[in-house]
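>>> let's see this in three dimensions:
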Amino acid sequence: MYTTYHLKSAQEVSTDILDAIKATFKSKPITIIVEEDVSDFELTTDMKAVLDDRLQEDEGTYLTAEESVSQLNKKYGL
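Below is the predicted model:
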């Protein structure tokens, strides 16, 4: 079982959250991972180049998302 807490700031960490964790998991072993929420994703130059190349592709050879996933499943067993 897992629980995710999304906080706007580290300042929002309170004893209430810790008490909720203790109540939920009781004496079970737990792991706490803290990571910065990075929501300002920027494309790299390489990513932009790939997207630009895709825009230049012939629409006649276009694959839907479903077809792409199907081919990846066949090739890589995803």
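>>> where along the chain do the strands fall?
Counting by DSSP state E, the chain yields no residue ranges for strands.
>>> okay, helices next: where are they in it?
15-25, 45-55, 65-76 (DSSP state H).
>>> so for the last one, mean pLDDT?
If I follow you right, that is helix 65-76. Across helix 65-76, the average pLDDT comes to 92.
>>> how far does that helix sit from the chain's center?
20 Å (CA atoms, centre = their mean, to the nearest Å).
>>> if we can go back for a sec, Throw the helices of the chain into a markdown table and include distance to Ile32, thanks.
C-beta here means a position set from N, CA and C on the backbone, and glycine is covered the same way. Formatted as a markdown table, these follow (distance: least, CB to CB, whole Å):
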| stretch | distance to Ile32 |
| --- | --- |
| helix 15-25 | 8 |
| helix 45-55 | 32 |
| helix 65-76 | 34 |
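>>> of those, which is nearest Asp37?
Among the helices of the chain, the nearest to Asp37 by CB to CB is helix 15-25 (15.6 Å).
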